[in-house]
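S.K.: turn this into a model:
(one chain, ligands or ions: 2)
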Amino acid sequence: MPNSPPILITGAAQRLGLHCARRLLDDGERVIVTYRTEKPALSELRERGAQTIHADLGSETGTLAFVETLKASTPTLRAIVHNASEWIAETSGTLAQPFERMFNVHMLAPYLINTHCAEMLRHGGPADIIHMTDDVVRKGSAKHTAYCATKAGLESLMQSFAARFAPQIKVNAIAPALIQFNEEDSIDYRQKALLKSALGIEPGAEVIYQSVRYLLDNPYVTGTTLSVNGGRHLK
Ligand SMILES: NC(=O)C1=CN([C@@H]2O[C@H](COP(=O)(O)OP(=O)(O)OC[C@H]3O[C@@H](n4cnc5c(N)ncnc54)[C@H](OP(=O)(O)O)[C@@H]3O)[C@@H](O)[C@H]2O)C=CC1
Ligand SMILES: Nc1nc2c(c(=O)[nH]1)N=C([C@H](O)[C@@H](O)CO)CN2
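M.R.: Numbers count the residues shown, from 1 in each chain. Ligands and ions are numbered 1, 2, ... in the order given. The predicted structure follows:
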């Protein structure tokens, strides 16, 4: 869609966000991605016409600086996908600092970006905001307590913004569980994680792109959470 406003995906230099950026470019969408750390795949996205903006969404200052850069880059947006995230487990060390970091990237940044950029989505055409939460919000997490709490906050923000921005802007969440392991995950960890869902597979990032595409294309879905969890709730 060469004349359609761009889709913004935060934290899309790797993994799920990168895959969604690639697939949306395949669809002919205009794409803007943010990155905190330069990664090899960013060159490919730039060659394909994506705009890349450096953004540290770990503080109010960093997020507001990004908002200014974004507003200078485009007058309108087709969608915002809040994908940037840190997955920090509880350790015996400091508790507050990781909690603050995840609060900032999972809650404060989406809150500020949605508030400051809503007008960019009000252009008369289809407009979406998508919050990437986590299936673990359903029941809490003993090992990723602060992570889960901040993702629960992101889920709540989705509901509030859906009510506030209707009918011009649809706002939804995607709640994944075990989409793509990290390289350092051990065989034992992987085997145990796969047993936690009814379907028992590591699906890969395409299922997240399919979920994003569904929400972008469906004009009658807002204020909802799309669970992409392989049936974890059945176990
Ligand atoms: N992968 C999975 O199986 C699951 C993923 N999810 C959710 O899906 C989304 C995508 O997951 P995944 O691709 O694994 O995510 P990653 O862990 O790969 O993180 C995505 C990006 O977020 C960026 N980021 C982290 N903190 C900040 C910050 N303060 N400012 C700017 N960017 C930041 C990272 O940048 P940098 O490279 O600089 O660190 C990274 O490139 C996330 O929201 C995640 O919580 C939920 C459940 C399962
Ligand atoms: N920012 C991230 N969040 C999450 C990740 C990740 O790699 N980065 N991974 C998971 C796991 O897949 C977990 O759901 C099961 O192992 C959760 N969130």
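S.K.: buried residues, whichever strand or helix holds Leu42. List them.
M.R.: Using DSSP states H and E, Leu42 maps to helix 41-47. For helix 41-47, the neighbour count (16 or more other CB atoms under 10 Å) marks 41-42, 45 as buried. All C-beta atoms are positioned from the backbone trio N, CA, C, and that covers glycine.
S.K.: which of these lies closest to ligand 2?
M.R.: Ala41 (16.0 Å; CB to the nearest ligand atom).
S.K.: the chain: helices as residue ranges?
M.R.: Under the criterion DSSP state H, the chain contains helices at 15-26, 41-47, 60-73, 96-103, 109-121, 145-165, 187-194, 206-217.
S.K.: what does the helix holding Leu42 contact?
M.R.: With CB atoms under 8 Å, 6 or more residues apart in numbering as the test, helix 41-47 has contacts from 12-14, 18, 21-22, 25, 31, 33, 35, 52.
S.K.: let's go with 10 Å and repeat that
M.R.: Contact with helix 41-47 is made by 12-15, 18-19, 21-22, 25, 31-33, 35, 39, 50-52, 54, as judged by CB atoms under 10 Å, 6 or more residues apart in numbering.
S.K.: measure how the biggest strand by length in the chain sits relative to helix 206-217, angle-wise.
M.R.: The longest strand of the chain (DSSP state E) is strand 170-176. Calculated by axes from the mean of the first three to the mean of the last three CA atoms, to 10 degrees, strand 170-176 forms an angle of 170 degrees with helix 206-217.
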